[in-house]
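A.B. asks: build me a model:
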Amino acid sequence: MDEKRLMAGLVEPTVERRPGMSSTTRRKLRVRFGYVAALVIIGLTVVLFLQPAPLLEVSTWSPMASKEEVWRSKTPIYEVEPKKGAASRPAHTSGRLVPFEAHIMSKCPDALDCLRDLVLPTMQQVVDKVNFTLSYIGRPTGDGGVECMHGPAECMGNILELCAHKLNPDPKIYLGFTMCISREYPRIPDRELIEGCALEHAVDFAALNECATRDDGQYAMNLLRDSVQHTKAVGVTKSCTVRLDNKVYCIRDDGEWKDCPAGPGVHDLIVNVEKLYRQNKA
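C.D. replies: The predicted model follows:
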């Protein structure tokens, strides 16, 4: 009998009832505990899934803002260094490689046409024969900033493309990333667009974010200002201007190809690159 009672206790344990507690009171307590449990679950859901991510927030950035106003929210620090094994080449130098450069603005439709129809297909054929550089068009300001034709959002797009280049010197990576966001240039610098293109072209989004926010944005602003000043120094004013061997080769402006003595065709550009490359090797 004792053994049967013990087994019954394991299967259906008895609950000690508090003296004087009615069934109505117990029901009320269960309802209250249910409300509390539901509130706890909702709270945990908000904390775990709905808190904002501490990554790139580009919608409020302004190149004309003060240091205190730019990027107030800090992000984890990552080393802004090229990937291991990446082939790094100094910009604007030739050696045996042919200087090949495109001066653009990130939110310019002519830049999209130029990259898609001339620069990218040419690079696919001569990437190992040129020293390719993307440079940017803007106006340096007296306070150390930069003004961009299509506003602060374009300055931010320029910066993101420069940071992608800084992190990934291989043009197959940074030019691919630039082409990706250029296809939807009206959305630049929408976070979803930037993050998606970074993922597609193996650009570290966290490192890209760190580059854009480093030193309260001053590091990235210096990259843009240096690029804009270089463009100004070589006399380029229109996006997109393609230069080959440090000379203007062709310009895409207002939806048309202009000042292209050799024509805007990919084949002609490749022929000219090959010719200059052979001369440099001689």
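A.B. asks: helices and strands around the one helix or strand Lys275 maps to, which ones?
C.D. replies: Secondary structure assignment for Lys275, by DSSP states H and E: helix 266-281. Helices and strands touching helix 266-281, by 3 or more C-beta pairs under 8 Å, 6 or more residues apart in numbering; DSSP states H and E, are strand 98-104, helix 120-126, strand 241-244, strand 247-253. All C-beta atoms are positioned from the backbone trio N, CA, C, and that covers glycine.
A.B. asks: so which bits of it are buried?
C.D. replies: Of the residues in helix 266-281, those with enough neighbours to count as buried (16 or more other C-beta atoms under 10 Å) are Val266, Asp268, Leu269, Ile270, Asn272, Val273, Leu276, Tyr277.
A.B. asks: quick check: closest non-adjacent residue to the third one.
C.D. replies: Closest residue in space to Leu269, ignoring its immediate chain neighbours: Thr122 at 4.9 Å, by C-beta to C-beta, 6 or more residues apart in numbering.
A.B. asks: and if you look at the second one?
C.D. replies: Spatial nearest neighbour of Asp268, excluding adjacent residues (C-beta to C-beta, 6+ apart): Ala262 at 4.9 Å.
A.B. asks: residue contacts, the one you found?
C.D. replies: Ala262 makes contacts with Tyr249, Cys250, Asp268, Leu269, Asn272, as judged by C-beta atoms under 8 Å, 6 or more residues apart in numbering.
A.B. asks: next, give me the two most distant ones among those residues.
C.D. replies: Cys250 and Asn272 (10.4 Å; C-beta to C-beta).
A.B. asks: Ser135 versus Gly142, what's the distance?
C.D. replies: 22 Å (C-beta to C-beta, to the nearest Å).
A.B. asks: also Arg183?
C.D. replies: Distance from Arg183 to Ser135, by C-beta to C-beta: 20 Å.
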